[in-house]
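> Based on what follows, work out the 3D shape:
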Amino acid sequence: MSRRGYVTLPIILVLATVAFLYYATVFVVIDEWLGLWTAAGLGNAAVFTFFTLMAVANYLIAVFGDPGRVPPSFMPDVEDADNPIHEIKRKGGDLRYCQKCSHYKPPRTHHCRVCKRCILRMDHHCVWINNCVGHENYKVFIIFVLYGVIACIYSMVLLVGNFTRDPQKDQVQSSDSNKITYLIAGIILCPLTLALSILLVWHIYLILQNKTTIEYHEGVRAMWIAEKVGNMYRHPYNVGVYENLVSVLGPNIFCWFCPVSNYKGSGLRFRTAFENLPISTTLP
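As a prediction, the model looks like this:
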């Protein structure tokens, strides 16, 4: 059973990996190649430290933050003219109701079998944060992945740059321990950068479509069913590229890459393609 806020082995592994790569990049690669206390060394160390700290800060918020809880008093109002869509069960046509939590499900809400409760705008359950990725922590999760990719690429560039230097100009050769550090860092960085990059590209695609991972897979099935009967399926929450970005990252572009998300609303209703008012001015 997963309990949010508990530090698990995958979380320890992530933090240990970050700590090792930070040590290898700053105190081995930069120090040996540029000199840690030179202007170039300090500059590169400061930039890499910024990206690393931003990644870690967003990661910890994603780990310990609540992904979004359905209020006990929530009841869908089918007569609400401002809410043009109510999600229903695939069979029977009734409003979606969670038998395990004993309450109705707001739009885009799903029950997590690991967390054992319903999550607002649930994307997926992530073992690496021992938490669900949902309405409340989706942005910080994505920003963590973004800064993680940037930090990994930065570290790889420094690592490759150190390998391509002219060894005849170096008065101090690498020690055996440093060579081992380079080797381990390279072995970690290559698959980690690839995995995080794929994850980032995938979620950028989802954000531009205003979909969650669950909604993507549900949409594939819905599209197949619609085409089978000669209809056209349209994702109801896709309100245009910019508004889709705003719905996740916020209306202030200068805060898009900061762990600030007080704009996001209740998570109980979302603007849809059937409404004319822009998301940036009408979030609940």
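
> OK, contacts around residue 147?
Residues near residue 147 by C-beta atoms under 8 Å, 6 or more residues apart in numbering: 51-52, 54-55, 58, 257. In this view, the C-beta of every residue, glycine as well, is placed from N, C-alpha and C.

> Out of those residues, the closest to residue 183 would be?
Each of the contacts of residue 147 was scored against residue 183 by C-beta to C-beta, and residue 52 proved nearest at 20.9 Å.

> how much space between the closest one and residue 16?
Residue 52 sits 14 Å away from residue 16, taking C-beta to C-beta, to the nearest Å as the criterion.

> before we move on, back to that, would you reformat the contacts of residue 147 as TSV and include neighbour count, secondary structure and distance to residue 231?
Listed next are the contacts of residue 147 as TSV, based on neighbours: other C-beta atoms under 10 Å; DSSP: H, G, I helix; E, B strand; the rest coil; distance: C-beta to C-beta, whole Å:
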residue	neighbour count	secondary structure	distance to residue 231
51	19	helix	46
52	22	helix	49
54	20	helix	45
55	22	helix	44
58	25	helix	41
257	15	coil	39
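
> Same question for residue 106, what's its three-state structure.
Taken by DSSP: H, G, I helix; E, B strand; the rest coil, the conformation at residue 106 corresponds to coil.

> Could you pull up the residues touching it?
70, 74, 76, 120, 267-269.

> residue contacts, residue 189?
Neighbour list for residue 189: 21, 152, 155-156, 159 [criterion: C-beta under 8 Å, 6+ apart].

> For PyMOL, write a command that selects the buried ones of those.
What follows is the PyMOL syntax selecting those of the contacts of residue 189 that are buried according to 16 or more other C-beta atoms under 10 Å:
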select buried, resi 21+152+155+156+159
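
> Mark which of the contacts of residue 189 are part of helices, please.
Among those, DSSP state H puts 21, 152, 155-156, 159 in helices.

> Which of those residues sits closest to residue 139?
Nearest to residue 139 among the ones in helices among the contacts of residue 189 is residue 152, at 20.3 Å by C-beta to C-beta.

> Was I right to think that closest one contacts residue 196?
Yes: proximity of residue 152 to residue 196 meets the contact threshold set by C-beta atoms under 8 Å, at 6.3 Å.

> so what sits against both of the two?
Counting by C-beta under 8 Å, 6+ apart, nothing touches both residue 152 and residue 196.

> Tell me the buried residues in stretch 225-240?
Neighbour-count burial for stretch 225-240 [16+ other C-beta under 10 Å]: 235-239.
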